[in-house]
Structure formats: structure tokens, C-alpha cells
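Q: predicted model and sequence below, questions to follow.
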Amino acid sequence: MKCYPWLINTYKEIIKQHQNKKAHHTILIKTTKGLGVLQLIKNISQWILCDNKNEIKYCNTCHNCKLIISKNHPDFYYYKDNNNKIITINYIRMIREKIFQYPKQGKNKIILLSNIEKLTESAINSLLKILEEPPKNTWFFLVDYNNLKIYSTLHSRCLIYTLFPPREKHSLHWLKNKNLKNKIFNVISLRINQGSPILAKEFINNGLWEERKKLCIYFLNSIKKKNLIKIFPILSINNTILKIDWICLLLFDSIQIHFNQKKKLTNFDEFQIIQFFSRNYNYFTLKKSITTWIKCRYRLLNISGINNELLILEQLLRWENILKFTN
């Protein structure tokens, strides 16, 4: 059974509820991406559907387990969040039609909605009607990655779990056991990825560490020459959103210096850049800089058909003006 160490207790707790016949029909998990929550839910689902359970373990060999492993179980309905598509009422109606039929295997049915922010208002209302009187032996798992507070009625129909990233020392131990033994790399990668050990591992192994270092070299050169356009070529190709995040984190570190919070720095390997901003700009200028980058990021993600290169160039020129690089 693959279960991340920081999720084992949650797994055991939910399984125990089922063993004691006290399981809630709908579990809502509020968390952040990169903690392995979908794997947790799939593990719990496999245990529920397994024909040969051994206490908290599933067998991996029965027909139901094999169907789950092959991602072909007819009673496991998982809405995959592809291409930011919304979850419409038509999908909920399809789910409703399926779950009120007899299970095709065994006696249990499971529905997983991996990001409830994608639910349209009509889809939520339809889902609420199902959750009000769900069919027997039907288990819902909902995931909220954005700490949504607008679905109070939906919350009232669920058992809510809030899962946080593990403590930094525990994450560092996990990364070290994954043969990632450079502590500086590991600490910085964790902090850049909001404490997610899984994303930190990917950050190091998939070349993002080197990409960030390259951006920082260009960035330092451009601010020394007071010409931010120099970072345009590297910023406008590949992982633009991530690179904007990295710039914002560097600026936030500069604000941390103003409040003597050196121990909490994310990019402590790039102290020269951080020090430049903290020495030359006050809190309000740094905050304004971050705000403009966040607005740029939002527009890149949410305005279809926008000219990305033109928007980035416009942002760099605006930022030069904020930093008074221009005459």
C-alpha cells in the first residue's frame, strides 16, 4: 500500500469509521495540492471495495482490487479535472443516475470529485439533493484545494478533514530518504512549494531548480543594469507562471528582511538579490511590486486569447517605473 507518512493517520481514522459502521457518507478534504490526497482517497476506496480485507489493508489481488489498480472499476466514479473544465449539472445528473442503480461489483459505490471549485452553481444544487438522501453504501469524497467558504450548505452535509503540509523537519527527513541529501536544496524547494514534499521532490528532479537558478542569474544582472527587459527572453518561455511566483517570493523575502525575519527566508541562497531590494526599496514599494505581478499572473491565467508576450513586456516596463529604473 502506497501511503505518504503524513497521511497514514488520516487513512487509519477513516478506515476505522468504516470498520465500526460509523462512516459518514460524504468526506470533504480541505487541503493544498502536492500532499498526495488523491492517492489517500484511492487507497481508502480500494479498501472499501476490496473483497479480502485484512484489518486496515486491502489485498491487491481480488477482482475489485485489480479493477481499481487498472483504473477500470465500474463503481468508482472519478471526475478528472482536465484542462480546467468546469463540473456541470449534466455530470452530476449522470452520477445520480449511476449511483441509484445496483453496484456492478460488490455492494459499494464511490464518487470522487477532486476539485469542488469547478462545480457550477446548478451542479452544486444538484449534488446537495443527492447528499441529502444518498443511496445506501454510496461514499462521496470531495476535495477543496482553495479553502472555499461559500459552500456552507455543502459543508453541512459533509464530514470535513483539513490536511496541512507536514512539519518541515519531517518533510526534510522524507526527502533525504528519497536520496535527495542536499539539505539546502531541500529546504529551499520545500519553501518554494508551500511545504509540499512531493512538489519539492519534483522541483529538484525535473529541472526546475536549474531553471530557477538561471532566472536568478538573469534577474541579478538586469537589476544591476537597471534594465528589466533583459529577463524578458527567459521569462516569456516555459513555466512563465512559476517564474512569476519565484519573483514574488524573492520580493517577499526582501520584505521579510525589513522585519528581521532572516530565518524564515525562502530564497536564502539568493541573498544578493534580496539584499538589493531590501536596501533600496521600502515596504510599500515592494508590496506594490508584488501586487502588480499578481495581477499580471491572474490575467495570464484567466484572459483567453491574450498576447502573453505583450502582457509580460508591459509588466516589466511598469515594474521599471515602480522601481524608478526609468528616467
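A: Ah, there it is.
Q: which of the residues in stretch 61-79 are buried?
A: 62, 64-65, 67-68, 73, 75-79 (16 or more other Cβ atoms under 10 Å). Backbone N, C-alpha and C define where each C-beta goes, glycine included.
Q: end to end, how far does that stretch reach?
A: Its first and final residues considered, stretch 61-79 spans 25 Å by Cα to Cα, to the nearest Å.
Q: list the contacts of that stretch.
A: Outside stretch 61-79, the residues that touch it by Cβ atoms under 8 Å, 6 or more residues apart in numbering are 42, 45-46, 49-52, 58-60, 87, 91, 95, 98-99, 103-106, 108-114.
Q: what about T326, how many residues nearby?
A: With neighbours defined by other Cβ atoms under 10 Å, the count for T326 comes to 11.
Q: over to I274?
A: For I274, using other Cβ under 10 Å, the count is 24.
Q: ok, and the closest non-adjacent residue to it?
A: Distances taken as Cβ to Cβ, 6 or more residues apart in numbering put D253 closest to I274, at 4.6 Å, once the chain neighbours are dropped.
Q: contacting residues around the one you found?
A: Applying Cβ under 8 Å, 6+ apart, the residues near D253 are 265-268, 274.
Q: tell me which two of those sit farthest apart.
A: With distances taken as Cβ to Cβ, the most widely separated pair in the contacts of D253 is T266 and I274, at 9.4 Å.
Q: circling back to that earlier point, from the contacts of D253, which would you call buried?
A: For the contacts of D253, a burial check counting by 16+ other Cβ under 10 Å picks out 265-267, 274.
Q: taking the residues you listed one by one, which sit in helices?
A: I274 (DSSP state H).
Q: so can I have CSV of the buried ones among the contacts of D253 showing distance to I217?
A: Listed next are those as CSV, based on distance: Cβ to Cβ, whole Å:
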residue, distance to I217
L265, 19
T266, 18
N267, 13
I274, 15
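Q: and which of the buried ones among the contacts of D253 is nearest to H25?
A: T266 (40.9 Å).
Q: that closest one contacts I188, correct?
A: Yes: the pair T266 / I188 is scored as a contact, 6.6 Å apart, by Cβ atoms under 8 Å.
Q: strands of this protein, start to end?
A: 26-30, 76-79, 109-113, 138-144, 159-162 (DSSP state E).
Q: with distance to I223 and mean pLDDT as added columns, please give these in a markdown table.
A: Shown next, in a markdown table, are these (distance: least, Cβ to Cβ, whole Å; pLDDT from 0 to 100):
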| stretch | distance to I223 | mean pLDDT |
| --- | --- | --- |
| strand 26-30 | 39 | 95 |
| strand 76-79 | 45 | 86 |
| strand 109-113 | 45 | 93 |
| strand 138-144 | 39 | 94 |
| strand 159-162 | 40 | 94 |
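Q: for E320, find the nearest of the ones you listed.
A: It is, among the strands of the chain and with distance given as Cβ to Cβ, strand 138-144, at 39.0 Å.
Q: burial of the nearest residue to P165 once chain neighbours are set aside, as a residue count?
A: Leaving aside its sequence neighbours, P165 sits nearest to G195 (Cβ to Cβ, 6+ apart; 3.3 Å). Applying other Cβ under 10 Å, we find 18 residues neighbouring G195.
Q: do the same with V37
A: For V37, using other Cβ under 10 Å, the count is 22.
Q: what does K263 give?
A: 7.
Q: pLDDT score assigned to it?
A: We have a pLDDT of 86 for K263.
Q: where in the stretch 201-327 of the chain is pLDDT low?
A: 327 (pLDDT under 70).
Q: show me where it has its helices.
A: Using DSSP state H, counting those that start in this stretch, the helices of the stretch 201-327 of the chain run over 208-224, 232-235, 240-258, 271-280, 283-302, 308-322.
Q: check the offset of the shortest one from the chain's centre.
A: Spelled out, it's helix 232-235. Relative to the centre of its chain, helix 232-235 is centred 26 Å away, using Cα atoms, centre = their mean, to the nearest Å.
Q: now it: buried residues?
A: Buried residues in helix 232-235 (16+ other Cβ under 10 Å): 232, 234-235.
Q: of those residues, closest to E309?
A: Nearest member of these to E309, counting by Cβ to Cβ, is F232, at 8.1 Å.
Q: right, and that closest one touches L316 too?
A: Yes: contact criterion Cβ under 8 Å: F232 and L316 qualify, at 6.0 Å.
Q: now the helices of the stretch 201-327 of the chain as CSV including distance to L127?
A: CSV is the format used below for the helices of the stretch 201-327 of the chain (distance: least, Cβ to Cβ, whole Å):
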stretch, distance to L127
helix 208-224, 36
helix 232-235, 41
helix 240-258, 30
helix 271-280, 46
helix 283-302, 25
helix 308-322, 35
